[in-house]
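[1] here are the coordinates; sequence isn't available:
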């Protein structure tokens, strides 16, 4: 009888807490640059639902896709920092104009071979503290990463090797990438994520570094630009969840825990989903006659060599960049990558 009463009481307490949480729910505004139809956008939608679920209803997330509030991926951070939204769901590498170290809190370029190696970096001694210190310096809280996997270039012409990059006019994100590709003979044009579709349609560029094969396919980019690098080789960005520091500090412990749990689940989900979606995209694109170009081991090494030269240059840009680069190199050596 006592056990039955205890179970009923516990259930009533849970329901009461859930109702109380729902009645007094905080609404947080998250913004991602992915569209709702892309696999990454779908996972972002599920993350928003999980935050509400894991918080017992005390947090509701209003999610904006396609950078629809801010307009540009690189400005989502500022929108969060200035209180227009609460959390930035883009990536650290967009903030290299603030501090070069953000490149190495987002997209190491030529470093890791798979997402699982890069997730492991956050467990390397001092790594997460260094990233958190960087974000806090600019008024934001680093909550976590999700890493879909290697990016695949979009191109109107075949790009089977390093030599074919010569003169290749393509969209590059801000940061270190344009330096590396310039050194390899390409002609990168830095532009925002959201400007890529129009630039491709108008012929301003003949290709783009946009996203992974699955997201690119979902966006219809290979319909008019029938060539891709796959598997990717050059870039594997970690998309971050970063929140306004004052907003984060104002949350209750269980609410912060709910968001941390949601980004961890999203990270595991996005990596496995993109692996599956990439395989489906390969089948679909091959049937359509899209060329999928896999760079040789020698060409990948050429790219990594160029990237590592850039790492050395970027060490000089800020103390935080130097510290993070040295941590990445030490971690890569510890797992046999270097």
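    Great, that's in hand. Owing to the predicted nature of the structure, the values given are computational and were not obtained by experimental measurement.
[2] go through the helix or strand hosting residue 142 and flag the buried ones.
    Assigned by DSSP states H and E, residue 142 belongs to strand 140-146. Using 16 or more other Cβ atoms under 10 Å as the burial criterion, the residues of strand 140-146 that qualify are 140-146. Where C-beta positions appear, they are placed from N, C-alpha and C, glycine not excepted.
[3] by contact count, what packs against it?
    Packed against strand 140-146 by the contact rule (3 or more Cβ pairs under 8 Å, 6 or more residues apart in numbering; DSSP states H and E) you find helix 76-81, helix 127-137, strand 239-244, helix 245-249, helix 253-288.
[4] make CSV out of the buried residues of strand 140-146 and add distance to residue 270 and pLDDT.
    Output for these, formatted as CSV (distance: Cβ to Cβ, whole Å; pLDDT from 0 to 100):
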residue, distance to residue 270, pLDDT
140, 21, 98
141, 21, 98
142, 17, 98
143, 15, 98
144, 12, 97
145, 10, 95
146, 5, 93
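[5] would you confirm that residue 187 contacts residue 167?
    Yes. Under the criterion of Cβ atoms under 8 Å, residue 187 makes contact with residue 167 at 6.2 Å.
[6] give me the sheet partners of the strand holding residue 142 and which way each runs.
    strand 239-244 (antiparallel) (DSSP bridges).
[7] please state the offset of the strand it pairs with from the chain centre?
    Remark: strand 239-244 is offset 10 Å from the chain centroid, using Cα atoms, centre = their mean, to the nearest Å.
[8] also stretch 77-91?
    On Cα atoms, centre = their mean, the centre of stretch 77-91 falls 15 Å from the chain's centre.
[9] show me what contacts residue 25?
    Neighbour list for residue 25: 52, 57-60 [criterion: Cβ atoms under 8 Å, 6 or more residues apart in numbering].
[10] which of those residues fall in helices?
    residue 52 (DSSP state H).
[11] top of the contacts of residue 25 by number of neighbours, please.
    Among the contacts of residue 25, residue 59 has the most neighbours (other Cβ atoms under 10 Å), with 24 neighbours.
[12] need the contact list for that one.
    25-28, 51-52, 251, 255, 258-259.
[13] okay if I get those as TSV plus distance to residue 93 and pLDDT?
    Below are the contacts of residue 59 laid out as TSV (distance: Cβ to Cβ, whole Å; pLDDT from 0 to 100):
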residue	distance to residue 93	pLDDT
25	33	87
26	29	94
27	29	98
28	24	98
51	24	98
52	29	97
251	26	98
255	28	97
258	27	97
259	22	98
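[14] reformat the residues you listed as a markdown table; add distance to residue 209.
    Compiled in a markdown table, the contacts of residue 59 are given as follows (distance: Cβ to Cβ, whole Å):
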| residue | distance to residue 209 |
| --- | --- |
| 25 | 39 |
| 26 | 37 |
| 27 | 34 |
| 28 | 30 |
| 51 | 30 |
| 52 | 34 |
| 251 | 35 |
| 255 | 36 |
| 258 | 34 |
| 259 | 29 |
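[15] now, of these, which are buried?
    26, 28, 51-52, 251, 255, 258-259.
[16] can I get those residues in CSV including distance to residue 122?
    Listed next are these as CSV, based on distance: Cβ to Cβ, whole Å:
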residue, distance to residue 122
26, 27
28, 23
51, 20
52, 25
251, 21
255, 22
258, 19
259, 16
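[17] what's the closest of the buried residues of strand 140-146 to residue 130?
    Nearest to residue 130 out of these is residue 142 (Cβ to Cβ; 10.1 Å).
[18] please name the nearest non-neighbouring residue to the closest one.
    Of all residues not flanking residue 142 in the chain, residue 135 sits nearest, at 4.2 Å (Cβ to Cβ, 6 or more residues apart in numbering).
[19] burial of the one you found, as a residue count?
    Neighbours around residue 135, by other Cβ under 10 Å: 24.
[20] try residue 281
    Neighbours of residue 281 using other Cβ under 10 Å come to 25.
[21] residue 302 versus that one, what's the distance?
    Per Cβ to Cβ, to the nearest Å, residue 281 is found 26 Å from residue 302.
[22] same thing with residue 73?
    29 Å.
[23] which of those two has more neighbours?
    Shown here are residue 73 and residue 302; by other Cβ under 10 Å, residue 73 has more neighbours (23 against 17).
[24] that one contacts residue 94, correct?
    Yes. The criterion here is Cβ under 8 Å, and residue 73 meets it with residue 94 at 5.6 Å.
[25] between those two, which contacts overlap?
    Joint contacts of residue 73 and residue 94 (Cβ under 8 Å, 6+ apart) do not exist.
[26] pLDDT below threshold where in the chain?
    1-23 (pLDDT under 70).
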